[in-house]
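> any chance you could fold what I've pasted below:
(chains A and B)
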2 protein chains.
Amino acid sequence: MALTTISLQAPYLIYLGDCPDELHAKTGAGIAYWRPDSCMAQMRLPDCPVDLGLPDMSATEAKTAGVKTAIIGVAPVGGRIPDHWLAQLTKLAETGISIASGMHTKLVDVPQLASAASESGAELIDVRVPPENIPVGDGRPRSGKRVLMIGTDCAVGKKYSALALHRELDRRGIKATFRATGQTGIMIAGEGIPIDAVIADFISGAAETLSPDNDDDHWDVIEGQGSLLNPSYAGVSLGLMHGSQPDAIVLCHDALRTEIDETGGDYPIPEIDDVIDESLRLARRTNPRCFCAGVSVNTSQLGEFDRETYLSGLQGELGIPCVDPVATGMTPIANFLLKVAS
Amino acid sequence: MALTTISLQAPYLIYLGDCPDELHAKTGAGIAYWRPDSCMAQMRLPDCPVDLGLPDMSATEAKTAGVKTAIIGVAPVGGRIPDHWLAQLTKLAETGISIASGMHTKLVDVPQLASAASESGAELIDVRVPPENIPVGDGRPRSGKRVLMIGTDCAVGKKYSALALHRELDRRGIKATFRATGQTGIMIAGEGIPIDAVIADFISGAAETLSPDNDDDHWDVIEGQGSLLNPSYAGVSLGLMHGSQPDAIVLCHDALRTEIDETGGDYPIPEIDDVIDESLRLARRTNPRCFCAGVSVNTSQLGEFDRETYLSGLQGELGIPCVDPVATGMTPIANFLLKVAS
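Sure, this is the predicted structure:
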């Protein structure tokens, strides 16, 4: 494992504190859902109504059971670590269990956690903080195969689609690794680089570092970031794309979204085929063989009939698999990916 | 002046130390050439052979003459501040003259400079360090007009072309501001943001901050960074382009360069008209009216006859002004820019 990616050691305890509802425990629930074999325990304050279905353990019980890392799986309002979590978190650090967090407050900036960890040798891992010594990208072609999720906007299901595609490849016995580019993805994968937090000059270098040379029949399934169409984040998306040198892209989309969210201007989402054409033109700068393996659409706001009409219409128009990654699954995209890339 | 850009106060003293030759004094020479009215003095060690033609002054003389900022105008090997410069630099800081540097060693990390500056109230300004509180870009259209330099690669004359175009507009009495995006440009302009040093998520926000709302007939002439074609830096270039919302682009090119420098792969430079088309497609995401105002070519390696053949051939093919910014000047591009944008 390269020193220039963040790395968390399993097994995990998911820390939930006094998380009020499941929505705020999305990160913890995601880890438990996608990496059940890595999750050994949960820890909650007495009044926490959320239950991930994992055994509740104290710090000592967790240590005895072999837990290596406690992951803060809840997003409190404001992204700060509340004082009333500190007794439990400090106890974990004192027993030598490392703590990982994606919150704004850095763990290392909480004095009592820093001192407990330094005495026990536990690590405090802030997954928003990129590793040091990321090199400038150099564009050297790498061995192995890569598929990158891209989106028509932010928050259209890129992470979910990547994890589901990875799971599908894994199920078939194909060598594959999910490559995380954002904080939640990193906590699920146990490693990765928060691409949007690196210094601008190093975006593509970070992407190159994230998916190094590999076996010719190995697939990296790379979580995307941002969108080439989003005026706030397109630079991140292009640097990630160039550095990833994808053999294939999967376009993620939300069926009901017609324009980019949260901008101060008028940014309509173009026709899907135009988005694919433009994305391939850009991707082919670093991988001339790149193709689009399918479109992964969040259709959760459509009824079942409308979903079928929407997806079959899009698929008829584009001639590539169009799926909902939750409702219909990634199997057609995995099939097409492997067929075209073989 | 926005608080979120770096800002240097004129008049300047250019510090040359023991600079061995003019090549290493490029930054100082650039400031003296482009901003003669801001340059009041130079300071050298006794054995320095380089002379920018400015009066040599001691720290006390400079202070009395009204110098506000000493700019380190020399790039020593390794980018570190040599110990034998410290006596002079400390004396400057002690007299209350601020010091600006683009070197790897941060001024604030040199204890004797830090303590001298803190006692006198002088500022230590590291132009590689981006200002804090840069916002995420939001894509809101802004008033005023903008022209952005882009390049077929890094180091093809974007800064020179921007400064020359700005000078040409200024000469005609047109309201215009040179907007610096890199360290040398910032030292010439006295303000700016080192775009490639900001966190990836904030590239377009930094570009938006750099060229704020302005009078409808005011031009921001924006120095470019990197190249959309360069696999190491294209993310920076796209974020800068989206945030700049350019009304026009000027493509900078080196006549003899056929592929991207310093990569580990095979990255040929495409045909110039294809580069312009692709760049305009991307630029029009945030400014649908964007056009290409010309091509600015470094032809210094061609003889005069070949230069004329090259530039007239390119101009005939593209139908827009094609110039060498040094040998033939930016006048045709300024004419075309103002005509099309009016």
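> the residue nearest to A:Val74 when sequence neighbours are not counted: neighbour count?
Of all residues not flanking A:Val74 in the chain, A:Cys19 sits nearest, at 4.1 Å (CB to CB, 6 or more residues apart in numbering or on different chains). C-beta coordinates here come from the backbone N, C-alpha and C atoms, glycine included. Residues near A:Cys19, counting by other CB atoms under 10 Å in any protein chain shown, number 22.
> so which residues on chain A come close to chain B?
Taking CB under 8 Å from any CB of the partner chain as the contact definition, chain A meets chain B at A:136-141, A:195-201, A:203-205, A:229, A:231-240, A:242-243, A:260, A:262-265, A:267, A:278, A:281, A:285-286.
> inside helices: which ones of these?
A:203-205, A:234-240, A:242-243, A:278, A:281 (DSSP state H).
> give me the buried entries from these.
Among these, those classed as buried by 16 or more other CB atoms under 10 Å in any protein chain shown are A:203-205, A:234-240, A:242-243, A:278.
> how about these, which pair is most distant?
Longest distance between any two of these is 24.0 Å, between A:Gly205 and A:Glu278; criterion CB to CB.
> follow-up on the earlier one: which one of the ones in helices among the residues of chain A next to chain B sits closest to A:Leu311?
Taking CB to CB as the measure, A:Leu311 sits nearest to A:Glu278 out of those, at 22.1 Å.
> thought the closest one was touching B:Arg281?
Yes - when contacts are counted by CB atoms under 8 Å, A:Glu278 is listed as touching B:Arg281 (6.8 Å).
> on that earlier part again, and the buried ones among the ones in helices among the residues of chain A next to chain B, which is closest to A:Val147?
Checking these against A:Val147 by CB to CB gives A:Leu240 as the nearest, at 13.1 Å.
> who's in contact with that closest one?
A:Leu240 is in contact with A:148, A:181, A:195, A:203-204, A:207, A:222, A:224-226, B:235, counting by CB atoms under 8 Å, 6 or more residues apart in numbering or on different chains.
> can you rerun that using 10 Å?
A:148-150, A:181, A:193, A:195-196, A:203-204, A:206-207, A:210, A:222-226, A:228, A:246, B:200, B:235 (CB atoms under 10 Å, 6 or more residues apart in numbering or on different chains).
> now do A:Gly235
A:196, A:200, A:203, A:226, A:228, B:137, B:195, B:198, B:200-204, B:207, B:233-243.
> what about the residue of the stretch 1-150 of chain A found nearest chain B, how many residues close to it?
Here the residue of the stretch 1-150 of chain A nearest chain B is A:Arg140; by CB to the nearest CB that distance is 2.9 Å. The tally of other residues near A:Arg140 (other CB under 10 Å) stands at 14.
> my understanding was that it contacts B:Pro231; is that so?
Yes - counting by CB atoms under 10 Å, A:Arg140 touches B:Pro231, with 9.1 Å between them.
> overlap of the contact sets of the two?
Common contacts of A:Arg140 and B:Pro231 (CB under 10 Å, 6+ apart): A:208, A:245, A:286, B:263-265.
> does the residue in chain A sticking out farthest from the centre lie in a helix or a strand, and which?
Within chain A, A:Glu119 marks the point farthest from the mean C-alpha position, 32.0 Å out by CA atoms, centre = their mean. Assigned by DSSP states H and E, A:Glu119 belongs to helix A:111-120.
> so what strands line up beside whatever helix or strand comes next after that helix?
Once the chain leaves helix A:111-120, the next helix or strand it forms, by DSSP H and E, is strand A:124-126. With DSSP bridges as the test, strand A:124-126 is paired with strand A:98-101 (parallel).
> those helices in chain A, which residues are they?
Here chain A has its helices, by DSSP H, at A:26-34, A:59-65, A:86-94, A:111-120, A:158-171, A:183-189, A:203-210, A:234-244, A:272-283, A:304-318, A:331-341.
> how far does the fourth one sit from the chain's center?
Shown here is helix A:111-120, whose average C-alpha point lies 29 Å from the average C-alpha point of the whole chain (CA atoms, centre = their mean, to the nearest Å).
> please put the alpha-carbon coordinates of that helix into CSV.
What follows is helix A:111-120, C-alpha atoms only, in CSV (Å, rounded to 0.1, in the frame of the first residue of the first chain):
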residue,chain,number,x,y,z
PRO,A,111,-5.9,18.2,22.8
GLN,A,112,-7.2,15.4,25.0
LEU,A,113,-7.5,13.1,21.9
ALA,A,114,-4.0,14.1,20.7
SER,A,115,-2.4,13.3,24.1
ALA,A,116,-4.3,10.0,24.6
ALA,A,117,-3.3,8.9,21.1
SER,A,118,0.3,9.9,21.5
GLU,A,119,0.6,7.9,24.8
SER,A,120,-1.0,4.7,23.4
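> that concludes my questions; thank you for your assistance.
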